[in-house]
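Trainee: just coords:
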């Protein structure tokens with residue numbers, strides 16, 4: 001018995017180390033970055049927009065030696081000061097981003113400015129010969145998609161990566177492996193949510209800076225909740241369905257926060273992907289009872305994912321004899337209703353060990369996932385860190401970025417069309433692409 005336990009522990013440790021190594025190896029450039037390149041080998045970058053999101057990225061950038069920040073830019077002096085303090089590399093500072101782009105010693109720029117500036121700054125940076133990391137959503141207006149596409153095509157040697165960081169999450173990558181290999185059967189529904197009891201408002205010491213600091217509240221600059229929150233989950237649905245929606249309907253309102261804002265404080269939308277596939281997204285700022293996350297639902301199972309864990313629930317259906325989900329993990333086991341309802345963590349090493357029936361069911365699940373080549377014990381790195389590592393690796397190793405232009409375009413276009421559907425109360429459809 002002791003040998004059996006030791007064998008299982010050894011197997012578990014092996015899988016843990018192997019999976020973590022595989023996950024890290026799959027991220028371009030991790031090995032090279034771990035070697036701590038010298039100053040002359042690092043990608044020299046400028047950072048444009050050192051507000052809240054910008055400083056979040058800068059904190060991760062301090063741990064990535066593959067890049068070296070030599071310039072920052074922000075039009076709001078307190079943000080500019082905070083950015084310099086966060087990165088700690090004594091960068092030169094600018095209030096005009098065009099002066100930063102004029103520098104010949106800058107290889108790349110990272111942009112985390114208000115949404116309405118994204119397209120113009122991306123285009124200017126590409127035309128200045130820089131590699132570009134642009135936060136989501138990639139653009140604000142529909143016509144900007146083609147403008148960015150043309151400029152990017154004219155500069156094929158420059159990397160353009162969009163900041164949809166869940167694409168760099170091993171948790172979400174594992175979930176999509178499960179979808180692709182049939183663990184959920186036929187996927188028909190994605191449900192996602194962002195709920196919080198928060199005004200979404202940032203403090204403003206001087207009223208003249210209200211629209212500068214709280215730009216997300218105003219339609220002149222912002223796509224509202226759909227752009228700031230929904231864009232992440234639109235991308236997850238696009239990933240799960242391997243395509244773009246064909247239409248969207250929606251509703252929303254400014255029903256709770258009566259403080260002068262222009263964007264809605266609650267929205268609901270349904271994206272139709274054709275063939276029965278749909279994505280339902282809702283976001284609200286007056287109730288935070290449910291954790292933020294997404295459920296991917298098929299006729300054989302469901303994945304319930306939050307940012308720190310994913311749980312697989314099987315459907316209590318008859319064992320199928322063909323198709324990609326043929327090898328059911330519960331084959332040969334008497335699965336109780338309680339065990340099915342509890343679900344199985346797809347990072348099973350995080351699960352509490354109870355040595356009971358459910359623990360045995362988790363073992364069946366691990367064996368089943370392993371049989372399909374799917375096994376990761378935990379999130380080996382923060383997805384924000386992962387996307388930034390990928391950006392520098394794409395530059396240094398001439399590899400495709402994890403979120404290229406077309407993925408970013410599909411995401412931003414869906415944001416625009418969903419907002420249009422909400423504002424007009426009418427279904428909005430995608431124009432069919434010519435063959």
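Mentor: On my side now, so go ahead. A quick note: this is a predicted structure, and the numbers were derived from the prediction, not measured. Numbering: from 1, shown residues only.
Trainee: return the distance of stretch 228-235 from the chain's centre.
Mentor: Averaging C-alpha coordinates over stretch 228-235 and over its chain gives two centres that are 8 Å apart (Cα atoms, centre = their mean, to the nearest Å).
Trainee: may I see the buried residues of it?
Mentor: Along stretch 228-235, these residues count as buried under the neighbour rule (16 or more other Cβ atoms under 10 Å): 228, 229, 230, 231, 232, 233, 234, 235. Quick note: C-beta positions are derived from backbone N, CA and C, even for glycine.
Trainee: ditto for stretch 174-184
Mentor: By neighbour count on 16+ other Cβ under 10 Å, the buried set for stretch 174-184 is 174, 175, 176, 177, 178, 179, 180, 182, 183, 184.
Trainee: other SSEs contacting the helix or strand harbouring residue 395?
Mentor: Element membership for residue 395, per DSSP states H and E: helix 383-397. Contact partners of helix 383-397 among helices and strands, from 3 or more Cβ pairs under 8 Å, 6 or more residues apart in numbering; DSSP states H and E: helix 30-34, strand 43-48, helix 52-61, strand 108-111, strand 131-135, strand 160-163.
Trainee: mind doing that once more with 7 Å?
Mentor: helix 30-34, strand 43-48, helix 52-61, strand 160-163 (3 or more Cβ pairs under 7 Å, 6 or more residues apart in numbering; DSSP states H and E).
Trainee: the longest one vs strand 43-48, what angle?
Mentor: Note on geometry: by axes from the mean of the first three to the mean of the last three Cα atoms, to 10 degrees, helix 52-61 and strand 43-48 are set 160 degrees apart in direction.
Trainee: who are the packing partners of helix 52-61?
Mentor: In this structure, helix 52-61 makes packing contacts with helix 77-87, helix 383-397, judged by 3+ Cβ pairs under 7 Å, 6+ apart.
Trainee: still on that earlier bit, for the buried residues of stretch 174-184, give me JSON lines that also has distance to residue 85, secondary structure and pLDDT.
Mentor: Below are the buried residues of stretch 174-184 laid out as JSON lines (distance: Cβ to Cβ, whole Å; DSSP: H, G, I helix; E, B strand; the rest coil; pLDDT from 0 to 100):
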{"residue": "174", "distance to residue 85": "36", "secondary structure": "helix", "pLDDT": "88"}
{"residue": "175", "distance to residue 85": "37", "secondary structure": "helix", "pLDDT": "92"}
{"residue": "176", "distance to residue 85": "38", "secondary structure": "helix", "pLDDT": "94"}
{"residue": "177", "distance to residue 85": "40", "secondary structure": "helix", "pLDDT": "91"}
{"residue": "178", "distance to residue 85": "42", "secondary structure": "helix", "pLDDT": "91"}
{"residue": "179", "distance to residue 85": "42", "secondary structure": "helix", "pLDDT": "94"}
{"residue": "180", "distance to residue 85": "43", "secondary structure": "helix", "pLDDT": "93"}
{"residue": "182", "distance to residue 85": "50", "secondary structure": "coil", "pLDDT": "91"}
{"residue": "183", "distance to residue 85": "46", "secondary structure": "coil", "pLDDT": "88"}
{"residue": "184", "distance to residue 85": "46", "secondary structure": "coil", "pLDDT": "93"}
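Trainee: save these as CSV, and put in distance to residue 394 too.
Mentor: Rendered in CSV, the data for these read as follows (distance: Cβ to Cβ, whole Å):
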residue, distance to residue 394
174, 22
175, 23
176, 20
177, 22
178, 26
179, 25
180, 23
182, 31
183, 30
184, 31
